[in-house]
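[1] Following is a predicted model, sequence given first.
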Amino acid sequence: MAQSMQAGVTAEPKQTVSALEKLLVATDFSRSSIAALSYAENLVHLYGKELLLTHVVSAGNTSHREPLAVFSSPEIGQAMAEDLEQLTNQLRRRGVHARAILSEGPVADALEALVQQEKPNLLVTGTHGAHGLERLILGSTAEAILRKVSCPVLTVGPGCANTVPRNFALRTIVYATVLQHPSEAALLYAASLARSLHAHVQLVYAIDEINDLPEHSLDEEVQSQSDLLAEALKGSDSKLSVHRVYGEPVEAIIRRVIATQGDLIVLGTERGRKLEAFLPAGVAYGLIRLAPCPVITFKREELYHRG
């Protein structure tokens with residue numbers, strides 16, 4: 001079983017942060033999901049209290065080690081339960097308050113049922129390489145999770161799965177958006193997280209160079225979002241910076257995140273609808289696939305930890 005890439009994390013002072021107290025991690029035991037677990041373990045060591053580790057067993061697919069793999073064989077299901085418990089015991093030996101939960105049913109439905117039962121603050125999951133992610137975009141296990149699950153979802157994509165930092169912490173949070181697709185709830189969630197973590201917040205607006213909106217409209221839209229974020233951060237020690245980036249949105253946002261060493265990207269989506277509701281699906285999935293850091297997707301109607 002793969003080992004965690006975090007070392008020395010427990011030497012840092014532990015903080016109590018309600019927004020990250022209880023993490024639910026979905027695993028299929030693949031390299032990408034082990035990377036996601038490493039990120040989650042770091043977050044629990046630094047900010048949280050409890051980690052719930054789950055694997056979904058579902059009839060209808062007997063292929064092994066597929067993205068969020070599902071199995072119809074009881075024998076394979078039992079083997080997965082043993083693997084899950086073994087991985088959980090490893091976490092416990094490293095000082096994590098961890099529990100294992102073997103789930104059954106369609107993946108998104110099973111995860112949402114667990115969210116309703118356990119009330120985690122965040123679901124953490126990994127994605128596979130470009131081929132697997134492209135298949136998921138079309139076939140939609142990934143989109144189903146982002147649409148169905150009612151808590152924020154932190155996704156560790158292939159752009160960062162191979163470079164889990166040894167001392168990962170959330171110091172710079174990027175709220176990424178494009179014109180005419182803002183998400184007030186996601187913006188306020190990013191602000192709330194930043195207040196709790198004493199983190200810097202970047203409001204990054206991607207503006208396609210071919211847009212035909214007048215400059216004053218761009219200025220008004222950016223200023224409106226900036227004012228809302230500044231108000232949400234008032235009274236905290238979190239710093240705010242605002243950046244307009246030009247060009248193809250995914251590339252422009254990624255360039256900004258790399259240049260400023262962003263630790264986390266926050267995006268807005270709307271539960272029950274396609275991802276185009278707040279960010280065009282291509283932009284949302286492009287960021288998840290290429291981002292050098294994890295990406296949190298946040299639902300419009302689920303405003304967590306606003307204070």
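    All right, it came through fine.
[2] Give me the neighbour count for Ala206.
    25 (other C-beta atoms under 10 Å). All C-beta spots, glycine's among them, are computed from the backbone N, C-alpha and C.
[3] Secondary structure class of it, three-state.
    strand (DSSP: H, G, I helix; E, B strand; the rest coil).
[4] what sits against it?
    Counting by C-beta atoms under 8 Å, 6 or more residues apart in numbering, Ala206 touches 176-179, 245-247, 249, 252-253, 283.
[5] Next step: these restricted to strands.
    Per DSSP state E, strands hold the following members of the contacts of Ala206: 176-178, 245-246.
[6] before we move on, back to that, pLDDT, distance to Leu264 and neighbour count added to the contacts of Ala206, as JSON lines?
    Supplementary listing: those in JSON lines, determined by pLDDT from 0 to 100; distance: C-beta to C-beta, whole Å; neighbours: other C-beta atoms under 10 Å:
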{"residue": "Ala176", "pLDDT": "91", "distance to Leu264": "10", "neighbour count": "31"}
{"residue": "Thr177", "pLDDT": "86", "distance to Leu264": "15", "neighbour count": "25"}
{"residue": "Val178", "pLDDT": "79", "distance to Leu264": "18", "neighbour count": "20"}
{"residue": "Leu179", "pLDDT": "63", "distance to Leu264": "22", "neighbour count": "17"}
{"residue": "Val245", "pLDDT": "90", "distance to Leu264": "17", "neighbour count": "18"}
{"residue": "Tyr246", "pLDDT": "88", "distance to Leu264": "23", "neighbour count": "12"}
{"residue": "Gly247", "pLDDT": "88", "distance to Leu264": "22", "neighbour count": "14"}
{"residue": "Pro249", "pLDDT": "89", "distance to Leu264": "18", "neighbour count": "26"}
{"residue": "Ala252", "pLDDT": "93", "distance to Leu264": "18", "neighbour count": "22"}
{"residue": "Ile253", "pLDDT": "94", "distance to Leu264": "13", "neighbour count": "28"}
{"residue": "Val283", "pLDDT": "78", "distance to Leu264": "17", "neighbour count": "22"}
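[7] Dump these into TSV; add distance to Leu188 as well.
    Output for the contacts of Ala206, formatted as TSV (distance: C-beta to C-beta, whole Å):
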residue	distance to Leu188
Ala176	15
Thr177	13
Val178	18
Leu179	19
Val245	22
Tyr246	26
Gly247	27
Pro249	22
Ala252	24
Ile253	20
Val283	21
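[8] all strands for the stretch 101-250 of the chain, in order.
    Assigned by DSSP state E, counting those that start in this stretch, the stretch 101-250 of the chain shows strands spanning 122-126, 153-156, 172-178, 200-207, 240-246.
[9] Tell me which of those sits nearest to Leu87.
    Leu87 lies closest to strand 122-126 among these, at 13.6 Å (C-beta to C-beta).
[10] follow-up on the earlier one: with distance to Ser217 added, can I get the ones in strands among the contacts of Ala206 in TSV?
    Putting these into TSV (distance: C-beta to C-beta, whole Å) gives the following:
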residue	distance to Ser217
Ala176	20
Thr177	15
Val178	14
Val245	17
Tyr246	15
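[11] okay, the strands of the stretch 101-250 of the chain in JSON lines with distance to Ala185 next?
    As requested, the strands of the stretch 101-250 of the chain are exported to JSON lines (distance: least, C-beta to C-beta, whole Å):
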{"stretch": "strand 122-126", "distance to Ala185": "15"}
{"stretch": "strand 153-156", "distance to Ala185": "14"}
{"stretch": "strand 172-178", "distance to Ala185": "11"}
{"stretch": "strand 200-207", "distance to Ala185": "15"}
{"stretch": "strand 240-246", "distance to Ala185": "18"}
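[12] For Asp28, find the nearest of those strands.
    Comparison of those against Asp28 by C-beta to C-beta identifies strand 122-126 as nearest, at 8.2 Å.
[13] Kindly format the C-alpha coordinates of the closest one as PDB.
    C-alpha atoms of strand 122-126 as PDB (Å, rounded to 0.1, in the frame of the first residue of the first chain):
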ATOM      1  CA  LEU A 122     -15.500  18.500   2.800                       C
ATOM      2  CA  LEU A 123     -15.400  15.500   0.400                       C
ATOM      3  CA  VAL A 124     -11.900  14.800  -0.900                       C
ATOM      4  CA  THR A 125     -11.400  12.700  -4.100                       C
ATOM      5  CA  GLY A 126      -8.800  12.200  -6.800                       C
END
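[14] Could you give the average pLDDT over it?
    Summarised as a single mean, pLDDT over strand 122-126 is 92.
[15] Can you tell me the strand partners of it and which way each runs?
    strand 22-26 (parallel), strand 153-156 (parallel) (DSSP bridges).
[16] quick one: which of those strands has the weakest pLDDT on average?
    strand 153-156 (a mean of 91).
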